[in-house]
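Trainee: model this:
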Amino acid sequence: MTRSIEQIATDHKDVPTLRKEAARIKRENNLNDPLVRDGKEIPISKGRKQELIDYISQLEQLATTSQITETTKDTIPQTTETTEETTTPQLDTDNDYTDSEQEKRFIAQTLYKSTEKQDDLVGLKEYRIRLEKSGKYYLPEFVILVARTRVTIEAYADSKSPNGKASPGGLQAIRVEIMKYLEEICQGEKDKFGTVNDTSFMDTFEEFNDAVRGAFKDVSKLKYDLYKEKRQTGESEVRNIRVSRFVDWAKDTVTNLPDSHARWKEVCIAIMLLTGRRQSEVMSSGVFEYVDDSHLMFEGQLKRHTKEELPSIKIPVIGGITQQITNAIEWLEKGDKRTLPTERTYEGLQDAAKKSHNRCSRYISETMTKLENLVEFSEDSKIKTWDDSKGRNVFKGHLTRQIYAQICAELFKPNNQKKHSYIADILLENRDAAPSYDRDIEVVDIEAIK
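Mentor: Numbers count the residues shown, from 1 in each chain. The predicted model follows:
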């Protein structure tokens with residue numbers, strides 16, 4: 001059980017004993033987390049008293065979280081997952097899906113409900129009750145809750161990462177999702193609280209949310225730095241590729257739909273390539289309607305920057321097989337592979353897409369890897385591998401969107417429109433994002449696709 005900040009200070013009254021206690025906790029729990037000051041790691045021997053007290057509290061919380069992770073089957077609702085055969089591109093067995101939404105909701109509920117009796121952590125509910133009783137503007141428990149929220153979210157994100165350490169982008173995404181669930185809980189409970197110093201319960205939530213966001217400031221900076229590095233690398237390390245075999249495979253896949261719905265992954269990827277839509281737009285939010293052999297009306301864009309309802313848009317389709325695309329969407333629905341929203345509101349689309357992503361992303365990634373041989377590097381390509389500088393395979397689903405953008409800009413763009421402006425239009429992206437689809441790769445055989 002973790003101790004309060006006050007208890008740690010009482011147990012260890014001077015700096016030398018605090019240093020020994022921090023070292024003991026790290027050793028006994030196999031922890032490697034450093035003591036950080038201003039974003040930089042420092043030796044425990046150089047830690048100051050209050051700094052060490054806070055650090056010990058974080059270590060105890062991390063140790064507790066690690067122990068909880070070992071017993072999540074007893075505390076967090078789990079979904080089962082059937083192991084998928086990965087030795088052959090043609091899969092004929094259905095799969096269950098993994099859904100982490102319940103786990104994130106559980107963490108949000110813990111942050112809201114926790115009491116000192118159970119885990120020495122005062123949750124947001126108890127904190128607000130104490131605030132109202134005291135009539136004060138602020139209580140020390142607030143900073144403890146913020147610090148432990150960071151530790152809890154980071155430990156969970158790391159547990160979900162294949163290499164045991166979440167990426168900055170992945171960590172921030174999980175933070176946003178958990179805080180969104182916490183906000184939903186608070187909205188449902190807000191009428192149970194009064195006001196204190198002219199502030200409502202939701203004002204307290206907003207203050208807490210801002211503080212948690214600030215606690216992840218170092219992660220935000222690292223995320224930005226990595227994005228900047230990736231962008232610069234992408235501009236200097238271009239892969240020249242031939243994709244006509246990949247396009248032919250996609251056209252054949254949607255024209256001759258498989259007998260088994262276990263092959264939904266291939267059908268999804270084929271639609272992604274020929275329409276330029278995201279995985280979750282194909283598998284959840286998207287509505288596709290026939291216009292002519294080379295165009296569809298599309299509705300259901302994700303990652304948009306407004307909650308306002310967006311009209312459907314006419315998008316080009318590679319290969320002139322629009323009817324086959326709509327047939328393939330119906331095929332996915334008949335096989336119960338699409339996660340359809342219960343209502344076509346912004347929130348409804350986002351929630352369904354999130355569930356679809358949790359269910360499908362791993363299998364789409366695995367199947368994409370099996371299709372690498374359909375895309376060839378040209379002789380003059382400086383890079384002839386799909387591994388990046390850190391050894392990570394970049395032949396992922398997003399690549400289909402890049403290929404689509406470059407092909408359509410060549411085949412369908414009006415003469416009076418700039419390339420990146422057209423790419424932004426057909427992908428429903430803002431103008432600043434469009435150049436990224438024309439950066440890492442260069443499709444050199446578009447003439448063969450005509």
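Trainee: domain ranges for the protein?
Mentor: Using automatic domain parsing, the domain parsing of the chain gives 5-82+89-225, 237-449.
Trainee: Now do the helices in the stretch 101-250 of the chain.
Mentor: Applying DSSP state H, counting those that start in this stretch to the stretch 101-250 of the chain gives helices spanning 101-113, 116-119, 124-134, 141-160, 168-189, 201-215, 217-236, 244-255.
Trainee: Need those helices in TSV (columns: mean pLDDT, mean neighbour count and distance to residue 401).
Mentor: (C-beta placed from N, C-alpha, C; glycine too.) Below are the helices of the stretch 101-250 of the chain laid out as TSV (pLDDT from 0 to 100; neighbours: other CB atoms under 10 Å; distance: least, CB to CB, whole Å):
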stretch	mean pLDDT	mean neighbour count	distance to residue 401
helix 101-113	88	18	25
helix 116-119	55	12	44
helix 124-134	92	18	39
helix 141-160	90	20	24
helix 168-189	90	18	17
helix 201-215	93	17	29
helix 217-236	68	13	14
helix 244-255	97	19	13
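Trainee: which regions of the stretch 301-450 of the chain lie under the pLDDT threshold?
Mentor: Scanning the stretch 301-450 of the chain for pLDDT under 70 picks out 304-309.
Trainee: Tell me where it has strands.
Mentor: Remark: strands assigned in the stretch 301-450 of the chain by DSSP state E, counting those that start in this stretch are 313-316, 376-377, 441-443.
Trainee: Any idea which of the ones you listed gets closest to residue 17?
Mentor: strand 441-443 (58.0 Å; CB to CB).
Trainee: packing partners for the closest one?
Mentor: Secondary-structure packing of strand 441-443 (3 or more CB pairs under 8 Å, 6 or more residues apart in numbering; DSSP states H and E): strand 239-242, helix 398-411.
Trainee: on that earlier part again, so which of the domains of the chain is the most surrounded?
Mentor: Highest mean neighbour count of those: domain 237-449, a mean of 18 (counted as mean count of other CB atoms under 10 Å).
Trainee: The residue lying closest to residue 170 once chain neighbours are set aside and residue 171: what is the separation?
Mentor: Closest residue to residue 170 apart from its sequence neighbours, by CB to CB, 6 or more residues apart in numbering: residue 157 at 6.1 Å. In this view, residue 157 and residue 171 are 5 Å apart by CB to CB, to the nearest Å.
Trainee: And for residue 366?
Mentor: Distance of residue 366 to residue 171, computed by CB to CB: 23 Å.
Trainee: now residue 396
Mentor: Residue 396 is 19 Å from residue 171, by CB to CB.
Trainee: Would you confirm that residue 127 contacts residue 139?
Mentor: Yes: assessed by CB atoms under 8 Å, residue 127 is found in contact with residue 139 at 6.7 Å.
Trainee: Would you mind finding the longest helix in the protein?
Mentor: For the chain, the helix reaching the highest residue count under DSSP state H is reported as helix 346-370.
Trainee: Fine, thanks again, bye for now.
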